[in-house]
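# Sequence first, predicted coordinates after that:
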Amino acid sequence: MVTITINGKAVQANEGEMLLAAIRRQGIDTPALCHHDAIEPCGSCRLCMVEITKKEWEGWTRSVTSCLYPVEPGLIVSTHTPQLLELRKTILELYLARSSQSEVIQKMAEDYGITHSSFPVIPDGDDCIMCYACTRICEELGCFAISAVDRGHDKKVSGPLRQPPPDCIGCLSCAHICPTGFIKWQDLDSTRTIWERQFELLSCRTCGKRTITRDFAEYLMKKRNLPAAYFELCDDCKRTETAKTMGKIVVAAQEVLK
Amino acid sequence: MMHDLSKIEEIIDRSPKEPGALIAVLQDIQREFHYLPCEALTATSRALGVPLSKVFSVSTFYNAFSLTPRGEKIIRICQGTACHIKGAKLVQEQIESNLGIKAGETTKDMKYTIEVVNCVGACAMAPVIIVNNKYHGKVRCDQTRKLLGIK
Ligand code: FES
């Protein structure tokens, strides 16, 4: 355990954890877009900036991304100084200029009292804020289907060779992790569409509900060593099956004990 | 476009088969073909064990790599501050009209490609153009035809 001070209050933090986790545990609302527990932090959105100092720093302070800064004994953290609020406002205005249509950004900006950007709004700007949460989770899964291509203003996330990504398994991890909901997908009957690719959806043997894509199931069979039978039922029916089996065992046990 | 696939294999063969060699391999391929053909990207990805998405990410990031075929002669026009002040814009317009293409484009006969670069570190010679790695300084508009080797 490490003792740090957050907004004037001494608190305990776990060794090795990042400041953001310790701050959030205190119920302090620090905005963050690129952070997600499922992936390594990368510090790209800059919204989680906090001010740190230490007694021996003699009044010097530093602004750091809390998602990337590990806790240290004696750290004194402020999360809402006037400078930080200004900083976040500027960042949010920049996001608002790029992704003016994004509800998530609009809501965040509103919380900081911003309704419009003082930067020129990009007319054909999209909701992608370039945090690469999608490519990071795809890497984490070991698929490496999508990546950031080009540079500067033209940078975007895409499949290799600007084609629908051949290594995509249609698992939707990227779409779910995207903080602004930019990555679109659609399930229609037994077909899932994402990244301009179409995937066959498996359905539950019992209730017929669509489950996951065939490619995803095959990926799990290979990587996680799951048997093919595991994908025959949906989660609900699996639960029912388990309950039934358990019931039978209980009855059988009672018979034996009689 | 068809490529001499054996050339690609040769380049890959002589490099260590590890992810760290990626940029070096891409540079060699670029030198050989003046651009990175699709086949080369997939072959590199396979040989070095780097996912194709990463290979593509790297090849689109660096200006030194091109994904579209380029001409035999690559004309780089410096538009750094010094060259700009010394009239590089006019030189560029002159060259563009000489060749009938814009910066970033390649002539139909695959002879010339025009590129604009930012400061090549030869400001004393401004304005500078580089024709296939040969530097020409203090370029004047009436010299461009000669430098390009056209009548
Ligand atoms: S959450 Fe820390 S920079 Fe995005």
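In hand now; what should we look at? Residues are numbered from 1 along each chain as shown, chains lettered A, B, ... in the order given.
# and whichever residue of chain B sits closest to chain A, how many neighbours does it have?
Residue of chain B nearest chain A, by C-beta to the nearest C-beta: residue B:51 (3.3 Å). Heads up, the C-betas are built off the backbone N, CA and C, glycines and all. Residues lying near residue B:51 (other C-beta atoms under 10 Å in any protein chain shown) number 19.
# what does residue B:87 give?
The burial count for residue B:87: 16, using other C-beta under 10 Å.
# Run through the residues that contact it.
Contact analysis of residue B:87 by C-beta atoms under 8 Å, 6 or more residues apart in numbering or on different chains lists B:127, B:141.
# mind running it again at 10 Å?
Applying C-beta atoms under 10 Å, 6 or more residues apart in numbering or on different chains to residue B:87 gives the contacts B:93-94, B:126-127, B:139-141.
# Helices - which of the residues you listed land there?
Under the assignment DSSP state H, those contribute B:93-94 to helices.
# Which residue is the nearest non-sequential neighbour of residue 74?
Using chain A. residue A:54 (5.3 Å; C-beta to C-beta, 6 or more residues apart in numbering or on different chains).
# please go with chain B instead
Nearest to residue B:74 is residue B:113, by C-beta to C-beta, 6+ apart, at 4.9 Å.
# And the contacts of residue B:87, which is closest to the ligand?
residue B:126 (41.3 Å; C-beta to the nearest ligand atom).
# Next one: that closest one from residue A:124, what distance?
Distance of residue B:126 to residue A:124, computed by C-beta to C-beta, to the nearest Å: 36 Å.
# Could you list the low-confidence segments of the chain?
Since you didn't name a chain, this refers to chain A. Within chain A, no stretch has pLDDT under 70.
# You answered for a different chain; I wanted chain B.
B:1-3.
# State the helix or strand in which the residue of chain B found nearest the ligand lies.
Nearest to the ligand in chain B, going by C-beta to the nearest ligand atom, is residue B:57, at a distance of 20.6 Å. If you go by DSSP states H and E, residue B:57 is part of helix B:52-61.
# does the ligand sit close to the helix or strand containing residue A:88?
Secondary structure from DSSP H and E places residue A:88 in helix A:82-98. No: applying C-beta under 6 Å from any ligand atom, one finds helix A:82-98 separated from the ligand by no less than 9.5 Å.
# before we move on, back to that, which one among the contacts of residue B:87 gets closest to residue A:188?
residue B:93 (52.3 Å; C-beta to C-beta).
# what does chain B have sitting close to chain A?
Within reach of chain A by C-beta under 10 Å from any C-beta of the partner chain, chain B has these residues: B:38, B:41-42, B:45, B:50-63, B:67.
# what number of residues lie near the residue in the stretch 101-250 of chain A that the ligand sits nearest to?
Per C-beta to the nearest ligand atom, the residue of the stretch 101-250 of chain A with the smallest distance to the ligand is residue A:131, at 6.7 Å. Residue A:131 has 23 neighbouring residues, counting by other C-beta under 10 Å.
# any idea which element the nearest residue to it once chain neighbours are set aside lies in?
Nearest residue to residue A:131, sequence neighbours excluded (C-beta to C-beta, 6+ apart): residue A:34, at 3.5 Å. Under DSSP H and E, no helix or strand contains residue A:34.
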